[in-house]
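Enquirer: sequence unknown, structure follows:
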DNA sequence: TCAGTAGTAGGAAAATCTTTTGCTTGCAAG
DNA sequence: CTTGCAAGCAAAAGATTTTCCTACTACTGA
């Protein structure tokens, strides 16, 4: 598997477009970047094969589906062993409410974002999490009041 | 604009599928949820019109495009006035490196995730941010060591 | 009670549009 | 030159979208 991919100006233009709207037709993308559909399609396929493009998804409005509460959970663990780290990752993978989980450097070991319908559901989640994960030293939950910005588009 | 949408079992099944892979054809989605393409398409179109589905996007591998560094920036502000909040939101919207920005309740006022190529680029960003935003009381940057989990799929 | 009817959801087939393939051309590096 | 990309064109393959129709449910007013 190749470590890097160096997109040229046209590749970048394509990526910038479809990162924002993947419903655009090849004809539209091609027109925008100054190509015809075929070479444009070949570039996209290549970037899919190389793993630059990891997927196509639809995004939902969390409010509209009753999942308007996001909570950030900062975790400090008392156990930094490889087995603990591995089992924590497995637990995280299995909990669909956890939409993001980052291992950080510094005082906080992990930062999670948890998506739930309401505070009560968060409490239920919280109990489940703390019951399942051993050796938690400190867990700090912060509720999101407002999603000021949230994009999947990387600054390419 | 309707505040909520209550998806039935079939709607949810469709959403679960296309939240993970929006490249599936209608025929495949329909087969999976036990419908034919037409009613399936009508449901998807309705959810798009109602704003449940906010968009279709392509996801990129940050490493592959040289944007492998994510930094979480926790901000405490000294100014909680409406004009400050508004101008901060405008600044955030204009900086493409900031991919997420949440206003929180509690000790930390804002939490950002910033995506950059390397530490040096983060430093450049950091200087720009602190120069542009007034009244910052405390800014704490935490570097992500590992993306344990990151999904756009809501737990529906 | 019981037609009549409006609203909702599903389906088949046709029309339209997009994607994909195969082939050709042009250009630049060796 | 000639070899190797990258682009383009045109046609085939495939997907989406539309149209039209049926079944079912719930409500309406003799």
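Expert: That came through, no problem. The model shown is predicted, which means the values in this text are computed figures rather than measured ones. Numbers count the residues shown, from 1 in each chain, chains lettered A, B, ... in the order given.
Enquirer: Okay, the residue in chain A that DNA strand C sits nearest to and residue A:103: tell me how far apart.
Expert: Closest residue of chain A to DNA strand C, CB to the nearest atom of the strand: residue A:26 (3.0 Å). C-beta here means a position set from N, CA and C on the backbone, and glycine is covered the same way. Distance from residue A:26 to residue A:103, counting by CB to CB, to the nearest Å: 39 Å.
Enquirer: and the nearest residue to residue A:69 once chain neighbours are set aside, what is it in contact with?
Expert: Distances taken as CB to CB, 6 or more residues apart in numbering or on different chains place residue A:116 nearest to residue A:69, at 5.0 Å, with adjacent residues excluded. Residue A:116 sits next to A:67, A:69, A:71, A:97, A:122, A:125, B:155 when contact means CB atoms under 8 Å, 6 or more residues apart in numbering or on different chains.
Enquirer: sorry, back to before: which one's more surrounded, residue A:26 and residue A:103?
Expert: Regarding residue A:26 and residue A:103, a neighbour count based on other CB atoms under 10 Å in any protein chain shown identifies residue A:103 as having more, with 17 against 14.
Enquirer: Is that one in a helix, a strand, or coil?
Expert: Assigned by DSSP: H, G, I helix; E, B strand; the rest coil, the conformation of residue A:103 is strand.
Enquirer: which element is the closest residue to it other than its chain neighbours on?
Expert: Nearest residue to residue A:103, sequence neighbours excluded (CB to CB, 6+ apart): residue B:146, at 4.1 Å. Taking DSSP states H and E as the definition, residue B:146 sits inside strand B:136-150.
Enquirer: Which strands or helices does that strand pack on?
Expert: helix A:82-94, strand A:98-104, strand B:69-77, helix B:119-132 (3 or more CB pairs under 8 Å, 6 or more residues apart in numbering or on different chains; DSSP states H and E).
Enquirer: Compile those into JSON lines and extend it with columns for mean pLDDT.
Expert: Shown next, in JSON lines, are those (pLDDT from 0 to 100):
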{"stretch": "helix A:82-94", "mean pLDDT": "98"}
{"stretch": "strand A:98-104", "mean pLDDT": "98"}
{"stretch": "strand B:69-77", "mean pLDDT": "98"}
{"stretch": "helix B:119-132", "mean pLDDT": "98"}
